[in-house]
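*Asks:* The sequence and its predicted three-dimensional model are supplied below.
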Amino acid sequence: MKTEVLSLVDGEGYWNHIRKAARVLAEGGLVAFPTETVYGLGANAANLSAVKRLREVKERAEAKPFTTHIGRRSALEQFVPSPGRAGRRLSRKGWPGPLTLIFRVPDLDKAPILDRMPDRRADTLYHEGTIGMRCPDDRHASDLIEEAGVPVVAPSANRAGNAPPVCAEEVLHDLDGKIDLVLDGGTTRYARASTIVRVNDDDFEILRAGVYDERMLRSLLTMNFLFVCTGNTCRSPMAAALCRKLLAERLGCRLEELEARGYGVHSAGAFASAGAPAASGAVAAMRNRGLDISSHRTQPLTPELIHMADHIFVMGRSHLEEVTRLVRGAEEKTRLLDEQEEIHDPIGGADDVYETCARHIENALRRRLEEITL
């Protein structure tokens, strides 16, 4: 058998090549494809003959599972009905990306993907109640998987004992004549393997080092809230203080325990300068609620703060515009704190104006936090 090679490098005929590879994959063939880490060797997990052939090519024992690849992050729920807090956060922030997550799936019968498997067989995807999942950050891989429309398992595209390939030529060196097709996407971005992590409800264990190190994974595990107003002296620091209070109440912990629980709360000003204190009216309004923001110092809104945040809440539409101007695509995680009414700036007002603003923020924040799975 001759292995066909289709080039995606120059972009000519891109979708024709993707569709052809997807048909081969869906019909039971073996297709090597690029990801951002190394080249994978895909097989249709719903085709028992394809998975058997994949094991033969990889010289892999029946007991050793393959990693399941998905083309979009939202497909995880098809395979893992209850990913847990750590799994949910790592997949949301680390995918698409060079991260393989191993989930325990105690409620296997509830996995929707089994309805698409022959006789609801699970053994080509799951092993002893676990499944390894990967969502590559590579257009070629995601387009192929989505176009194929079948559950795809994919180890690295090399023979056992050899180094994982980072270009099509290395795939062919090992597997020419043994697989059906190679999609040539050039040399992979990282040219090293993904990090493999086993997740449980609240934490993780690194099983194989890769692109992400433990420090990066810890940062991904943290859920960060960012509140944005104009100058970062009134509304956003009050919102941040109130958010910490409400989070601690909801989690049943002390304010100082939030960071250890994996929560970060920050504030910034869309048009702020650095280092100014909170307005005295804001300090007083928070003191009335048992909160101390007297040590707060203003900071300007930056792309780094935006990228770090999971949830961004702004006080007005001008702040929303500034967030999305600084980081394209940030609108997906940015919302008005009160979607019905902008929260007006109390700067220069009397204490009762700050009290009214604080109540508005707190009521809106309670509603928003109810929408978020912690």
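*Replies:* Good, I have the coordinates.
*Asks:* just the CA coordinates of the top helix by length along the chain, formatted as PDB?
*Replies:* Identified as the longest helix of the chain according to DSSP state H is helix 351-370. Taking C-alpha atoms only, helix 351-370 is exported to PDB below (Å, rounded to 0.1, in the frame of the first residue of the first chain):
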ATOM      1  CA  ASP A 351     -21.500  59.300  50.900                       C
ATOM      2  CA  ASP A 352     -25.100  58.500  50.100                       C
ATOM      3  CA  VAL A 353     -24.200  58.500  46.400                       C
ATOM      4  CA  TYR A 354     -21.500  55.900  47.100                       C
ATOM      5  CA  GLU A 355     -23.900  53.800  49.200                       C
ATOM      6  CA  THR A 356     -26.400  53.800  46.300                       C
ATOM      7  CA  CYS A 357     -23.600  52.700  43.900                       C
ATOM      8  CA  ALA A 358     -22.400  50.000  46.300                       C
ATOM      9  CA  ARG A 359     -25.900  48.600  46.600                       C
ATOM     10  CA  HIS A 360     -26.300  48.600  42.800                       C
ATOM     11  CA  ILE A 361     -23.000  46.800  42.400                       C
ATOM     12  CA  GLU A 362     -23.800  44.200  45.100                       C
ATOM     13  CA  ASN A 363     -27.200  43.400  43.700                       C
ATOM     14  CA  ALA A 364     -25.900  43.000  40.100                       C
ATOM     15  CA  LEU A 365     -23.000  40.900  41.300                       C
ATOM     16  CA  ARG A 366     -25.200  38.500  43.200                       C
ATOM     17  CA  ARG A 367     -27.100  37.900  40.000                       C
ATOM     18  CA  ARG A 368     -23.900  37.400  37.900                       C
ATOM     19  CA  LEU A 369     -22.300  35.000  40.400                       C
ATOM     20  CA  GLU A 370     -25.500  32.800  40.300                       C
END
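*Asks:* same for it, what does it pack against?
*Replies:* Applying 3 or more Cβ pairs under 8 Å, 6 or more residues apart in numbering; DSSP states H and E, one finds that helix 351-370 contacts helix 235-251, helix 280-287. Placement of C-beta: from N, CA and C, glycine included.
*Asks:* The same query, at a cut-off of 10 Å, please.
*Replies:* In terms of contacts (3 or more Cβ pairs under 10 Å, 6 or more residues apart in numbering; DSSP states H and E), helix 351-370 is packed against strand 223-229, helix 235-251, helix 280-287, strand 311-314, strand 334-336.
*Asks:* Same list, those, but as CSV with distance to residue 55 and mean neighbour count please.
*Replies:* Below are those laid out as CSV (distance: least, Cβ to Cβ, whole Å; neighbours: other Cβ atoms under 10 Å):
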stretch, distance to residue 55, mean neighbour count
strand 223-229, 39, 25
helix 235-251, 45, 23
helix 280-287, 62, 20
strand 311-314, 43, 25
strand 334-336, 46, 18
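*Asks:* For the ones you listed, give me a markdown table that also has distance to residue 179 and mean pLDDT.
*Replies:* Formatted as a markdown table, the helices and strands packed on helix 351-370 follow (distance: least, Cβ to Cβ, whole Å; pLDDT from 0 to 100):
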| stretch | distance to residue 179 | mean pLDDT |
| --- | --- | --- |
| strand 223-229 | 42 | 96 |
| helix 235-251 | 50 | 97 |
| helix 280-287 | 63 | 98 |
| strand 311-314 | 44 | 98 |
| strand 334-336 | 44 | 97 |
